[in-house]
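Peer 1: Return atomic coordinates for the entry below.
(chains A, B, C and D)
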Amino acid sequence: MTKGKLDWQMDEQQNGKAPLSLQNVHVSYATRRGKVQAVRNVTLDLHAGESLALIGESGSGKTTLGLAIVRLLPETAQIEPGAIFYRRNGREVDILKLDRNEMREFRWRDCAMVFQAALNAFNPVLKIWAQAWDTAKAHGWHDKEAVRQRLVELLEFVQLDPRRVIDAYPHELSGGMRQRVLLALSLLLNPQVLILDEPTTALDIITQRTIIKLLRKLKEEQGFTMIFISHDLAIAAELADRVATMYAGRIVELGASEDIFYRPRHPYTLGLIRAVPTVTGGFEQLFSIPGSPPDLIDLPTGCKFHPRCTFATDRCKVEEPELEEVGPGHTAACWHWQKVEEELRRNPLHRGVLSVLEAVSFNEEAVS
Amino acid sequence: MSTSTLAPQSPGGVRTGASAARVRRIVDNFYVRRVAKALFTVWVVSTIIFFLIRLLPGNPIEQYIARLIETQGMDYENARMQAAALFAIDLDAPLWKQYLDYLLNLLRGNLGVSITSPGTTVTSIIARFLPWTIFSVGIGLILSFTIGILLGLMMAYRRDGLLDHALTVFASVVSSVPNYLLGILLVVWLGVQWKVLPIAQMRGTLSPGVTPSFTFAFLYDALFHAFLPIVTYVLTTVGNWMLSMKGSTIGTLGEDFVTVARARGLKDWRITTAYVGRNAALPLFTQLTIAIGFVVGGSFLIETIFQYQGIGFVLSGAIAARDYPVMQGVFLIITMSVIFANLLADFLYGWLDPRIKIG
Amino acid sequence: MAPILEVRNLTKKFGKGKETVTAVDSVSFAIEPGETVCLVGESGCGKSTTGRMVAGLLEPTSGEVLFEGKNIKELDSAGFRRYRQSVQIIHQDPYASLNPTQTVRQILTAPLLRHNKVKNRAGAEARALELLEVVDLTPARDMIDKYPHQLSGGQRQRVAVARALTVEPKFIVADEAVSMVDVSIRVSILTMLSRLKEQFHVTFLFITHDLALAKYFAWEGRITVMYLGRIVEDGPTQRLITDPRHPYTQALLSAVPEADPELAHRKRQIELREAEIPSLLNLPSGCTFHPRCPYFVPGQCDRQVPALEPLDVGGRVACPVRKHEHVPLLV
Amino acid sequence: MGVIRGLFHWVGTTLKLMTYNKVGFVGFLVTAAILIISLIGPFFIPLDTKTKLDKIYQPPSAEHWFGTDHQGRDIFSQIVHGGKDVIYVAAVAAFLSTFIAVTFGTLSAFAGGAVDSVIMGFTDIILTIPQFPLLAVLAAFIKLDNLTLLGAFLGLLSWPALLRAVRSQALSLKERDFVEAARALDLGAGHIIFRELVPNMMTYIVISFTLAMTAAVYTQVGLVLLGLVPVSSSNWGVMISLAWTQGAIFFRDAMWRIMMPILAIAVFQLSVITMTRSLELAFNPRLRTMA
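Peer 2: Below you'll find the model as predicted:
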């Protein structure tokens, strides 16, 4: 598939402005027990052509943030204060100020969201083609043949046999196939930004690899702008240019993928990395983070991570740190990021190639 | 992992001998299996009825014979012969022969002769009165189901709004009043207290002088007479449909595919109808099978209340007069119509939900 | 040493007639006391079914399960009950494995009292508190009267472990025991399980789809890989991870997403001939992996079911074609 | 002592939980009031049986709260006396049908195989036979002149729908991991059924029981109305039946005589149905610990 055929409209001519800018975004839910502060003070630029991973555990606010961008949160949710600017072809809008119909048109045409549960992403009583045509029709397409042609191309792009898929009901396809169909469908209207929420969770390993390869192709060949939301560090490592770690509704660290994985400066990021083993790497000493994620209704004072943090001091209990520059293009919200740096110097992360070589040499000994 | 998490089925069947495969395909066919099950049920029910009539102590035949001897001074032999003729049973034959004859008679549509109006076959009575029940109950059921689904959908969309609360109260109230009591209330209030409806003229199935034909006047008259039964069916059943549909819709609104449809920027109307409404209504079709039995069974009292001359009216008359052949025949027909309606609902469901494998 | 558990030609079929599915097909393996074995494979490979048959919760269609040398089919009822108690299972979903209507106290004391592990209610409570300490649910006094919904996923899983320990098992089947637990606390549960291994001399069969976890948990033990109901390869963890011989194991290892950018980009990409896994209802002939295998040899792989053969580097593999080939996983 | 205090605590918590749904709680209160009035009321309010020709068909007044009937008798006293039998028959029927449904539904789910097929096949057939006509036809054969017999008779024919629901509940519970864990721990069939399954189906069983009661009220009053149940004592159904057969419904002044028993039945049904909303809450362990 060539670039021309899929016709991505990369907006390089944006005079340096990011296609998506989140400014001071807050999301809260009103519940009987109190206000759930799901996302707090998120400021973030998504640059053209980059892929950004939002990682964090359940309750960290990453999915809420994703849904806030396309405004698909439940009615009890409040998105304020804050602004989410979207820019395409020199046009700039604040997503949070769009009216109902503008919002509807914005969705999928400008920003498509691929959901975790692809198993249930399709209406079970309509064939795939009918759902694709629904999508196109809702955005003002009238030429059935053209839509069909484009869908066939996209299905081929995601390595599915269009003849088998196009007139199938969702239940006739496997989980991996459905995820790929959804991916194809997300490209139908030529959106500028793609949000992928746990795109590989619940899929088998080999199917996961197929999806990862496809997403890499989108990223590397088509220069797509993407946000990955995942609790799985591996997805970030496999696909992201930049990684943002979220904890208790805030971004606590943001930086290039290599920086986050090899030079983390926030204790939470470090904790996550030390908790996850690799397969082809060597044998790593793993540690878990003590305690459990905070109650979003009754957040701790100061730094929200301090009750679980080994570096915490009295200051952390009182003052909440803001993101500060810890390296080029690398920010972290921690009063003690230098201590994390020291800690890493003392106990380096046993990852990457070195440990692999060790493992391989072990193997060669065993063979000989 | 249990069998439920197996990989999806790939197309491609088994290769056996062509004719054996054809036989198997027919046997496995959803429609064939379903029809076979319905026929089996009809057989079981008619068998139960036969043995009730023949074997129960103080069974209707014995009672009828006793009555003939008592009231008309017949001798036992004559009375027995008359009873046999009425029930279309040869009382001298062995039981298995009687049973076989009974089944053969059923197949021929011979259900015996009425006791209270001698000379009239039960089949002809059914043929005369059944269409009116099907007409009124059918319209009632369709109206109630349609209105219930639409209102339920609306309630789910405006959850906790004024409309939702008002309709919930309405649904709870009307569905807790037994239908025949609601019928009496309609007569008391609309007919007697407020005099809005000419109750006396509305009795029966048609006004005097009107004959069945394909004319507007006939249809109008038929509807005029069926009006109160239909209103009663609708009022007493619509509440359940509304509440079921509301629950089902709320469940469907939480489904991922609805969120994805919104993310795809579909228009609200399309999401409401094709994505939410259609899927939310699906489980209600299974409830329909139970509801049909209830409405057909319940028609019985409503027809009695409104003096609507359908099959239920005939049944209550037969029960009051202990006209056993008619009771037996009408009961069989009511059961069969329920079985048939269930069959229809099942086919409809298979057609509406592609996940149900058919054929 | 005699194996604590052995299965021979274990087979399980579900359904009947045309819909028959062979979930587990002639699986044989033995586990020594104190050894840690991981059963690895994708969904539908039969690993959980095997685990449930090992735990006596599912009757095999054919084949044998031997516990401490005795065929469990030949045990008398008292013997079978002893075996049943000696083998416990820890389920995947911490939200489904605890009865929502019971408190932790009820969950833990019921088996203690039923099997006379304690003298009376007071003894049961004392033992329950002890067990909560063992699984690091402290302070135990605060935990014992909680309902499952008041606990986090990790805490529930610890209660499930404590419940299994009430009957002093010798063997625990951990079926995806941490896959639904938050990443940051997974390791602490794994560490706790490893500690039980030493503390109570429990032998573990760890079932998982996550190769990284299998590697971590069974670093000194063995991994057994299943595909569509059959064992395709097994061997010491360190060998199997670095020098897999079965093309399926290789495909699996190369496909696993890595939580390390450099590894992620240096992984060998193995192209399968077919991406979709075949249906269990319609299994391929011969080696069930042949329609997807990059090394498919027509006439051989689709005809003969390959036997598990011993390897010079340790373990067994069911691939006569590739069993001597070393394929580096990083390039 | 501890047991009694525990019981009080349980009752207190249950009542508190039931107040979470206002409408449901009102339903509960009205149901309780009707039960108390029907059971205890007859001891305090004598049944008015004297014909008073000067007081025929009077509207409600301070003296006669619900008005008077065609013989000038007090309707209120009849309503108070007329509830007991209706509720008794309904309770017997509901108890029996719930018992059959729960026992055989669970058995069917657990035994599986042939037992399951037989039970379900039979249930499906009974389910297709319209219940009310069947009852009416049978009532023409069998004399149902005893309240317990009538209740039993209603109960014996009204379990199929509930059985199917109980079976599917039990089937899904049976597959749950905690039941499997109980099997692995060898806790025994009794423990599994009464400690693991039944507590999880309790809400469902209680709600089904109350709904079965309303269904039994429907059927028995219907049978009374058709004159098929020769129940001698006065009850709400008999009151309506008499008014109906005497043609009182077409008589304008007779309105109170017809309305009151109908209202009594309607209010009873409505309050029982709305009560189920609160019952759902009362059995939820999640709420129980929060209360």
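Peer 1: I figured D:G222 hits B:L301, correct?
Peer 2: Yes - at 5.4 Å, D:G222 counts as touching B:L301 under the criterion of Cβ atoms under 8 Å. C-beta coordinates here come from the backbone N, C-alpha and C atoms, glycine included.
Peer 1: Which parts of the stretch 1-150 of chain B are helices?
Peer 2: Using DSSP state H, counting those that start in this stretch, the helices of the stretch 1-150 of chain B run over residues B:18-28, B:30-55, B:60-72, B:76-87, B:95-108, B:122-157.
Peer 1: can I get those in CSV with mean neighbour count, distance to C:I241 and mean pLDDT?
Peer 2: Below are these laid out as CSV (neighbours: other Cβ atoms under 10 Å in any protein chain shown; distance: least, Cβ to Cβ, whole Å; pLDDT from 0 to 100):
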stretch, mean neighbour count, distance to C:I241, mean pLDDT
helix B:18-28, 11, 47, 67
helix B:30-55, 16, 49, 82
helix B:60-72, 16, 82, 77
helix B:76-87, 17, 83, 78
helix B:95-108, 14, 72, 84
helix B:122-157, 20, 52, 92
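Peer 1: Can you show me the strands along chain C?
Peer 2: Taking DSSP state E, the strands of chain C run over residues C:5-14, C:21-31, C:36-40, C:62-67, C:70-71, C:87-90, C:171-175, C:203-208, C:222-227, C:230-236, C:309-310, C:316-317.
Peer 1: before we move on, the earlier item: and of the helices of the stretch 1-150 of chain B, who's closest to C:L311?
Peer 2: Nearest of these to C:L311, taken as Cβ to Cβ: helix B:18-28 at 44.7 Å.
Peer 1: so how far is A:Q179 from A:T64?
Peer 2: Distance, A:T64 to A:Q179, by Cβ to Cβ, to the nearest Å: 22 Å.
Peer 1: same check, this time on C:T11
Peer 2: 33 Å.
Peer 1: who's more crowded, these two?
Peer 2: A:Q179 (28 against 17; other Cβ atoms under 10 Å in any protein chain shown).
Peer 1: Extract the CA atoms of the host helix or strand of the more buried one and return them as CSV.
Peer 2: Using DSSP states H and E, A:Q179 sits in helix A:175-186. Output of helix A:175-186 as CSV, limited to C-alpha atoms (Å, rounded to 0.1, in the frame of the first residue of the first chain):
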residue,chain,number,x,y,z
GLY,A,175,-11.0,-11.4,18.2
GLY,A,176,-7.8,-10.5,16.3
MET,A,177,-9.7,-10.1,13.0
ARG,A,178,-12.2,-7.8,14.7
GLN,A,179,-9.5,-5.7,16.1
ARG,A,180,-7.9,-5.3,12.6
VAL,A,181,-11.3,-4.5,11.1
LEU,A,182,-11.8,-1.8,13.7
LEU,A,183,-8.3,-0.5,12.9
ALA,A,184,-9.2,-0.4,9.2
LEU,A,185,-12.5,1.3,9.9
SER,A,186,-10.7,3.9,12.0
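Peer 1: So which residues make contact with that helix?
Peer 2: Identification of contacts with helix A:175-186 by Cβ atoms under 8 Å, 6 or more residues apart in numbering or on different chains yields A:108, A:112-115, A:118-119, A:121-122, A:128, A:131-132, A:135, A:151, A:154-155, A:157-160, A:165, A:170, A:173, A:194, A:199-200, A:202-204, A:207, A:210-211, A:214-215, B:260, B:264, C:275-276.
Peer 1: just the CA coordinates of the following helix or strand past that helix, formatted as CSV?
Peer 2: Counting by DSSP H and E, the next helix or strand C-terminal to helix A:175-186 is strand A:193-197. C-alpha atoms of strand A:193-197 as CSV (Å, rounded to 0.1, in the frame of the first residue of the first chain):
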residue,chain,number,x,y,z
VAL,A,193,-5.1,11.6,15.1
LEU,A,194,-5.7,8.1,16.3
ILE,A,195,-6.3,7.2,19.9
LEU,A,196,-5.8,3.5,20.7
ASP,A,197,-7.0,2.3,24.1
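Peer 1: Can you name the residues of the stretch 51-200 of chain A that neighbour chain B?
Peer 2: A:70, A:72, A:104-109, A:112-113, A:115, A:117, A:119-126, A:134-135, A:138-139, A:169, A:171-174, A:182, A:185 (Cβ under 8 Å from any Cβ of the partner chain).
Peer 1: from those, which ones fall inside helices?
Peer 2: When DSSP state H defines the helices, the subset of those inside them is A:R104, A:E105, A:F106, A:R107, A:W108, A:R109, A:D134, A:T135, A:A138, A:L182, A:L185.
Peer 1: Any of these buried? List them.
Peer 2: Buried subset of these (neighbour count, 16 or more other Cβ atoms under 10 Å in any protein chain shown): A:R104, A:E105, A:F106, A:R107, A:W108, A:R109, A:D134, A:T135, A:A138, A:L182, A:L185.
Peer 1: Can you lay out these as JSON lines showing pLDDT?
Peer 2: Below are those laid out as JSON lines (pLDDT from 0 to 100):
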{"residue": "A:R104", "pLDDT": "93"}
{"residue": "A:E105", "pLDDT": "91"}
{"residue": "A:F106", "pLDDT": "91"}
{"residue": "A:R107", "pLDDT": "92"}
{"residue": "A:W108", "pLDDT": "92"}
{"residue": "A:R109", "pLDDT": "89"}
{"residue": "A:D134", "pLDDT": "93"}
{"residue": "A:T135", "pLDDT": "93"}
{"residue": "A:A138", "pLDDT": "92"}
{"residue": "A:L182", "pLDDT": "93"}
{"residue": "A:L185", "pLDDT": "93"}
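Peer 1: Chain C: which of those is nearest?
Peer 2: A:L182 (16.0 Å; Cβ to the nearest Cβ).
Peer 1: now that closest one: how far from B:G350?
Peer 2: Following Cβ to Cβ, the distance that separates A:L182 from B:G350 is 27 Å.
Peer 1: What of C:Q269?
Peer 2: 45 Å.
Peer 1: Show me which of those two is the more surrounded one.
Peer 2: Shown here are C:Q269 and B:G350; by other Cβ under 10 Å, B:G350 has more neighbours (18 against 9).
Peer 1: burial measure for the residue of the stretch 1-150 of chain C found nearest chain A, as a count.
Peer 2: Per Cβ to the nearest Cβ, the residue of the stretch 1-150 of chain C with the smallest distance to chain A is C:E42, at 4.2 Å. For C:E42, the neighbour count with other Cβ under 10 Å is 23.
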